[in-house]
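J.: The amino acid sequence is not available; the structure is as follows:
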């Protein structure tokens, strides 16, 4: 344990030192004293949301001949900001001549200072943000972090652990899409940001991909038989959301959903009221008991006007 603690302390000190050493370089690039055009920075970012289908989108962007994707989830702007900007850009050097992109879902909840920095060094950036009903997203994240990653039986996770996870800032902030949009639209034009919905992945995946490609400015004339449009990986065993957990999560996200509806209007109509409740129950596999359950269904009614760039302060699609 002492060796483990010492190792963690050493890594923190090393990262802190590197962050101090690379700070002047980042400042010079952000102020325009150094020319960012000499760097092979990404042309687009997929910033999340976590558990909303970013891995699926990554796999279906990768075959496009006009796109170059580095390793998924580089986490440069959150976990690895001690790298120099040049070191980050080097990750995309092999993509010269193609549209370069990075997928890190955690970027959706970056602090404002980092979003501002991104806008200064990549002002023409295209952004893709996938959304999933926040109740469904929170349950999926809890299962991933409490059951699947630690390889624990579902029955061994206590109710107290689930409740603590539901209320944790790292869960709640990932599902507060209105706050995410607030932060990113302070520094990027609304037509630079495209919203997609996970529900569309199940009902009209090719339509969603065509809209993503149009947003990025690449051809939609591709051989769709080479794409994994209908393949979902890494879901693990499904566990239906127990009713009392669902009620708590609906309470947690009631106000964030109201604020999101003010921006997106009918585009999230299936997430509100009785129709939304019905659709979410289907996506979650229904209200089940905490002791057993079948696979989580992805079948929901299609979202209206899915995949459009955000615009007009997000009013009515």
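T.: Alright, I've got the coordinates. Just so it is clear, the model here is predicted, and its values are computed rather than measured.
J.: which other residues reach stretch 209-222?
T.: Contacts to stretch 209-222, defined as Cβ atoms under 8 Å, 6 or more residues apart in numbering, come from residues 43-44, 57, 60-61, 63-67, 99, 101, 126, 128, 194, 196, 227, 229, 306-309. The C-beta positions use only the backbone N, C-alpha and C, and glycine is treated the same way.
J.: first to last residue in stretch 172-179, what's the distance?
T.: 11 Å (Cα to Cα, to the nearest Å).
J.: now it, how far from the chain's geometric center?
T.: Remark: stretch 172-179 is offset 11 Å from the chain centroid, using Cα atoms, centre = their mean, to the nearest Å.
J.: Over to stretch 61-72?
T.: With Cα atoms, centre = their mean, you get 17 Å for stretch 61-72.
J.: how far does it stretch from start to finish?
T.: Stretch 61-72: ends 12 Å apart by Cα to Cα.
J.: centroid residue for the chain?
T.: When Cα atoms, centre = their mean is applied to the chain, the residue found nearest the centroid is residue 48 (1.0 Å).
J.: Report the beta-bridge partners for that residue.
T.: Beta-bridge partners for residue 48, by DSSP bridges, are residue 129.
J.: Was I right to think it contacts residue 174?
T.: Yes - using Cβ atoms under 8 Å, residue 48 is in contact with residue 174, at 7.0 Å.
J.: quick one: common contacting residues for the two?
T.: Counting by Cβ under 8 Å, 6+ apart, the residues touching both residue 48 and residue 174 are 108-109.
J.: follow-up on the earlier one: quick check: the residue nearest to the centre of the chain vs residue 151, distance?
T.: 25 Å (Cβ to Cβ, to the nearest Å).
J.: And residue 135, by the same measure?
T.: On the measure of Cβ to Cβ, residue 135 and residue 151 end up 25 Å apart.
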